[in-house]
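S.K.: Next one to model:
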Amino acid sequence: MKENKLVELSMDFAIKIIKLCENIKGHHSLVNQLERSATSIGANVHEANYAHGKPDFIAKFQIALKECYETEYWLELFVKSDILNRETTVDLYNQCGTIRRILIASINTAKEN
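M.R.: Numbers count the residues shown, from 1 in each chain. Next comes the predicted model:
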């Protein structure tokens, strides 16, 4: 998959998270954590396009992957805490999972080449 597609997917995901967070009342510190991790995915993917070589590229993608896992954690915490319902987060889980799988494949390919 082209890196530009991953940039687009991660940007779209970040925008959806920001819009979701605008509707959550209270829990400001938790909302901040969710927004920071979700928007960091796209920021690191974007930065990887300007990496100083393969090791830097891989490092940026690995950070984005870690942020993906963190975002999934915050979404699950919000659901289990009844701050959000599962139906609200299903598409976000799926989109985050898609980004995660692309990142894993990209990291593995970069390491092999």
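
S.K.: What's the local residue count around S40?
M.R.: S40 is flanked by 19 other residues according to other C-beta atoms under 10 Å. C-beta: built from backbone N, CA, C; applies to glycine.

S.K.: Contact partners for it?
M.R.: Neighbouring residues of S40 by C-beta atoms under 8 Å, 6 or more residues apart in numbering: I63, A64, E67.

S.K.: any idea how far A105 is from L9?
M.R.: Counting by C-beta to C-beta, to the nearest Å, the separation of A105 from L9 is 13 Å.

S.K.: out of these two, which sits in the more crowded spot?
M.R.: A direct count of neighbours by other C-beta under 10 Å for A105 and L9 places L9 higher, at 19 against 11.

S.K.: Now the more buried one: which helix or strand?
M.R.: helix 3-22 (DSSP states H and E).

S.K.: Which of the helices or strands spans V90?
M.R.: Taking DSSP H and E as the definition, one finds V90 inside helix 86-112.

S.K.: And for F61?
M.R.: Secondary structure assigned from DSSP H and E places F61 in helix 54-80.

S.K.: Quick one: mean pLDDT for that helix?
M.R.: Per-residue confidence for helix 54-80 averages out to 97 on the pLDDT scale.

S.K.: Also stretch 22-37?
M.R.: The predicted confidence, averaged over stretch 22-37, sits at 95.

S.K.: and the residue nearest to I18 when sequence neighbours are not counted, how many neighbours does it have?
M.R.: Closest residue to I18 in three dimensions, ignoring its sequence neighbours and counting by C-beta to C-beta, 6 or more residues apart in numbering: E35, at 6.3 Å. A count of nearby residues for E35, using other C-beta under 10 Å, gives 19.

S.K.: What of K5?
M.R.: If you count neighbours by other C-beta under 10 Å, K5 ends up with 10.

S.K.: Nothing else from me, thank you.
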